[in-house]
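> Okay, here's the prediction I keep looking at, along with the sequence it came from:
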Amino acid sequence: MSKIAGINLKVSSSPHIHSGETTTKIMWTVFFCLLPSGFMSIYIFGLSTLWIILSAILGAVATEWCCCTVQKKALTVSDGSAVLTGLLVAYNVPPQSPLWLAFLGSFVAILFGKIVFGGLGFNIFNPALIGRVFLMASFPVLMTRWPAPLNVDAVTAPTPLAIFKDGFSQNNMLSAGEMINFSYRDLFLGFRGGCIGEACVLALILGAAFLIYKKYISWHTPLSYITTVAVFAWVFAGEGFFNGDFLMHILSGGLIMGAFYMATDYVTGPITKKGQLIFGIGCGIITGIIRLWGGYPEGVSYSILIMNAATPLIDRFVVPKRFGNM
Amino acid sequence: MKAIIFAVASLAGLGLAFGLLLAWASKKFHIEEDPRVVKIKDFLPGANCGACGLAGCASFAEALVENKTELAFCVACSGENKQKIAEVLGISSPDKDTQVKKIAVIACGGGTRCKNKFDYQGLEDCRSAVLYLGGHKECKYACVGQGTCIRVCPFDAIKMQPEGVPKVIGHKCRSCEKCIAVCPRNIIEMIQPKGKNKVYINCSSQDKGAQVMKNCKVGCIACGKCVKACPVKAITIENNLAKIDYAECIGCKKCIDVCPTKVICLI
Amino acid sequence: MLQTFPGGKHIHGFKDFSKDKQIVSLPLPSQVIIPLSQHTGKNSQLIVKQGDKVKTGQKIGESTGFISSCIHSSISGTVSKIAEYNHPVIGRCQSVVVDSDGNDELDSSIKSRQNVESLSNDKLREIVKETGIVGLGGAAFPTHVKLSPPKQIDTLIINGVECEPYLTCDFRLMLEKTKDILRGVLILKKILQTEAVYIGIEEDKPEAIRAMRNKIVQMKLPITVVPLKAKYPQGAEKQLIKAIVDREVPAGKLPLDVGVVVSNVGTVLAVYEAIYDGKPLYERVVTVTGKIVKEPANLRVRVGTKFSELIAYCGGTTQVPAKIIMGGPMMGLAQCSEDVPVIKGTSGILIFSEDELEKKNEQPCIRCGRCIDVCPMNMLPYALSICGENERFERASKYTPFDCMECGACTYVCPAQRRIVEYIRLIKAVLK
């Protein structure tokens, strides 16, 4: 048979072209979209924030590298998922916390959140949230010490949600505006107590808008999540019904970061758009319940983890209608 | 102090209550298992190969006791163990030691010695490889070498050779025929050689000799030398391919010596 | 809002290589290799023997059943050999090798007809069958079967979508043979006795839409040109029906079950030529294209011409080819050599160099859901790929693998570069 210059041609299955989209590209894009929020935090809470972020990323990458080497698997560090997990863990610890805290959080996130399940694609729970929940359970004091914004010496500035909750539970019948000294503008720009990443809502939304524009995340989960929290807060959070300060609930705490960057995680969320809507509503309801009546001021991480567990169930029952099946 | 006592007492109480519940449940829902089933299970190979048509060795053991299947259906069990199972069941062993074991052979030795038509870049699965232009080997009877049979063998009896074709390790084969079911080329066959030297034709090509020579260095070219060399006339040529009649073959190895392309091999 | 179907994905067209190249006829080949299997259905029955003299358009293979087709010699000359030969789809196939005498003498049965209007529908179907016309879009389904529906058809859709990247042969035909195509459409309309006739063309081919519309107005025909969103796989039969008449063909059923017949523009032209000129299907237009092809072209080629002759006519390649594909890049078949004949279903020859090939690095599924978004059949490709990877074929059958038409959209978008189509093909092969 005649061959071109004696070389065997390659035969593989169609399609013979590819969109060029890769897991690596997606992970690094999400990473860069998260960076503005980090820069804002460095500005608001001081340079020590940068070291926390770096130590968390180092922890994640080192853990992943060690695990791949021990398991004799191909190195997956460069796919960016470990770096992203590290960054998200850093965004979930308070500013001014010791460097080892973030490092340990990342270690747990990668090892117990990802590697033990078989690596990227096989984990059930969001690794970064596993890291955060581990830290919350093990070091509750360190994890709830909030420095005041723009004033690194004052170490005890409670988060808006905590103020709101305490004020409410003491039956202090003050309106939200009077009770909290934060304006919506401060909340929006990030001048308030809180974890590193969740501070600046504006930066988070800008990054998320880019991701949605690039279709790296879909709007379904964040929209249904935030809307549900807002409705829940409006109905139940005020005196009586239907006069809760829902804007405060949206802008404070980790809701924006959770809704756009954690609940939208491909691996641990539902795969269909309809499933994502259900997932978001479930997250919203659980967040609302924890925030208003639970033991913690914040419920985003637990609500997402609980809904992660429900993901296989949602995927099983929410499937698209097959073409030609009337 | 009071709190500690309360905690200890309540935990102990709970433990006791659940323990009693479990003890009651195990009595209440106890299922009597035939002791013979347990014994038979010990003698079965435990590979759950499914060649008997049942889900696994455990269900085969149950079916045996309930007389719903026959011992002969198990192809993986050694004669010795079958004897023991027969004793447990109180029946005579279906195949004493006289029955000759069937062995699977992969009748292709091509691999790297058989020319490639193109560079196959698809899935590592033979059933997938044959879908693209009928496989990447020039010879349309050739093993495509993706190792699907190796993966399905429950007894680890098939090994990939350095030449890129798998080979059955005779003494490990338990005749479950799973490899035959997955081979897309249908080049795996069961043979029943009697003698100590188990010979087989390591080629499946029905192409004419000249075509075979062009495609492959180790193909049967139907030259007929083995037919002449065989003292018991056990070899015939059918469709350009030598064939051994195992009822006649005595394992004298004379055919191996005369074969010009070394197609006749020992297991 | 342009009409389209749910799912799918816009893919860059790469049509600029050949879209402005006029169709030219390839010089007569000195030898043709005509496989006896060029269509869906049973192989044709050989009716010539070695040494026979044949003329261009002479029947050399008789159809062997209802779903089968005739095969004709594409040149005049001598049957020099009847043997197994390379085949672009099935690898090897019994083929008739004809050596040209250089005269290209037409068979005496080929005569143009004057009295087309007076021919009965049965006679028209008979001509379509005798001239060996099959669908030229790629699947090569015998056209006379489509034209003999067991029940009344109300809609005829002409497929001018050509959604595969790189290919331009249908586009060129729509520009250059507008009138003949429309007259072919009228024949189909007459045979099927349909009311509504649509021509679907993607909006990124405005020249073709304009040409068709102008000619329709000029000829005062009851045909509607429907511009469609440029999205792959818009040209798939079921998706085209969904887009134009909003009917869903049930799983496992044919378009005629919803009262529709779909035909490709190339096929329509072949029907026109068969009816008016009596010309059997022995040549077709093939796009030869690719970044490394020196002079990409749209060639009118005799069936049985070797790929190597087409490539040589296009000036060869600037780099060593690493992959030669028959058809488009999404559903085309990679070939094992240049020494393969053009068959009735060859819409294009696409050549890639080593640098253009995807270096696939398959990773675990990250459940991003892109495959579900693009799947035109609304299946769950990710689930099938995981079942295939783990050889859980029983489980895979729950995900309706046989609905898949292997369009490749899922594999094209998968960021984990999973070989989803291959897994689905494996599942189908095992479950069959």
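Perfect, I can see it now. Residues are numbered from 1 along each chain as shown, chains lettered A, B, ... in the order given.

> quick one: low-confidence ranges for the stretch 51-200 of chain A?
Along the stretch 51-200 of chain A, segments meeting pLDDT under 70 span A:150-158, A:160, A:162-182.

> now with 90?
Across the stretch 51-200 of chain A, the ranges flagged by pLDDT under 90 are A:71-79, A:95-96, A:119-120, A:140-200.

> Can you name the residue of it that approaches chain B most closely?
Nearest to chain B, among the residues of the stretch 51-200 of chain A, is A:A74, at 16.2 Å (C-beta to the nearest C-beta). In short, each C-beta sits where N, CA and C put it, glycine included.

> From chain C, how far out is that residue?
9 Å (C-beta to the nearest C-beta, to the nearest Å).

> who's in contact with that residue?
A:C68 (C-beta atoms under 8 Å, 6 or more residues apart in numbering or on different chains).

> Same check on A:L189?
So A:L189 contacts A:M40, A:C200, A:V201, A:L202 (C-beta under 8 Å, 6+ apart).

> Select the longest helix from chain B.
helix B:2-28 (DSSP state H).

> And for the residue in the stretch 51-200 of chain C that chain B sits nearest to, nearest residue in space, chain neighbours not counted?
As assessed by C-beta to the nearest C-beta, chain B sits closest to C:G91 within the stretch 51-200 of chain C, at 3.1 Å. If you skip the residues right next to it in sequence, C:G91 has B:G134 as its closest partner in space, 3.1 Å away by C-beta to C-beta, 6 or more residues apart in numbering or on different chains.

> wait, what's in contact with that neighbour?
B:K140, C:I90, C:G91, C:R92.

> next one: A:G288
Taking C-beta under 8 Å, 6+ apart as the criterion, A:G288 is in contact with A:T228, A:V229, A:F232, A:A233, A:F236, A:G299.

> so how far is the host helix or strand of the second one from its chain's centroid?
In the assignment (DSSP states H and E), A:V229 maps to helix A:220-236. Put simply, helix A:220-236 sits 16 Å off its chain's centre (C-alpha atoms, centre = their mean, to the nearest Å).

> Pull the residues that contact it.
Under C-beta under 8 Å, 6+ apart, the answer for helix A:220-236 is A:208, A:241-250, A:255-256, A:258-260, A:263-264, A:269, A:273, A:276-281, A:283-285, A:287-288, A:291-292.

> one more time with 7 Å
A:208, A:241-242, A:244, A:246, A:249-250, A:255, A:259-260, A:263-264, A:269, A:273, A:276-277, A:279-281, A:283-285, A:287-288, A:292 (C-beta atoms under 7 Å, 6 or more residues apart in numbering or on different chains).

> okay, C:D355: pLDDT?
pLDDT recorded at C:D355 is 89.

> Pull the contacting residues for it.
By C-beta under 7 Å, 6+ apart, no residues touch C:D355.

> Next, it: secondary structure please.
Under the three-state scheme (DSSP: H, G, I helix; E, B strand; the rest coil), C:D355 adopts helix.

> Helix or strand: which one has C:I325?
Applying DSSP H and E, one finds C:I325 within strand C:321-326.

> Please see if the following helix or strand past that strand touches chain A.
Downstream of strand C:321-326, the first helix or strand assigned by DSSP H and E is strand C:333-335. Yes: part of strand C:333-335 sits near chain A under the criterion C-beta under 7 Å from any C-beta of the partner chain, namely C:L333, C:A334, C:Q335.

> Tell me where the stretch 101-250 of chain B has helices.
B:126-129, B:148-152, B:178-182, B:209-215, B:225-229 (DSSP state H, counting those that start in this stretch).

> Could you say which one of those helices comes nearest to B:I5?
helix B:148-152 (60.5 Å; C-beta to C-beta).

> what about C:P165, distance to B:L16?
Distance of C:P165 to B:L16, given as C-beta to C-beta, to the nearest Å: 73 Å.

> Which of those two has more residues huddled nearby?
A count of neighbours by other C-beta atoms under 10 Å in any protein chain shown puts C:P165 above the other of C:P165 and B:L16, at 19 against 10.

> So which bits of chain B are right by chain A?
Those residues of chain B that sit near chain A, judged by C-beta under 7 Å from any C-beta, are B:N116, B:F118, B:D119, B:Y120, B:Q121, B:G122, B:Y132, B:L133, B:H136.

> Switch the residues you listed over to JSON lines; also include distance to C:E394.
Compiled in JSON lines, the residues of chain B next to chain A are given as follows (distance: C-beta to C-beta, whole Å):
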{"residue": "B:N116", "distance to C:E394": "33"}
{"residue": "B:F118", "distance to C:E394": "33"}
{"residue": "B:D119", "distance to C:E394": "33"}
{"residue": "B:Y120", "distance to C:E394": "27"}
{"residue": "B:Q121", "distance to C:E394": "28"}
{"residue": "B:G122", "distance to C:E394": "23"}
{"residue": "B:Y132", "distance to C:E394": "25"}
{"residue": "B:L133", "distance to C:E394": "29"}
{"residue": "B:H136", "distance to C:E394": "29"}
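
> between the residues you listed, which has the most around it?
Neighbour max across these (other C-beta under 10 Å) = B:F118, 26 neighbours.

> now the residue in chain B positioned nearest to chain C: how far from B:V144?
Nearest to chain C, among the residues of chain B, is B:G134, at 3.1 Å (C-beta to the nearest C-beta). According to C-beta to C-beta, B:G134 stands 10 Å off from B:V144.
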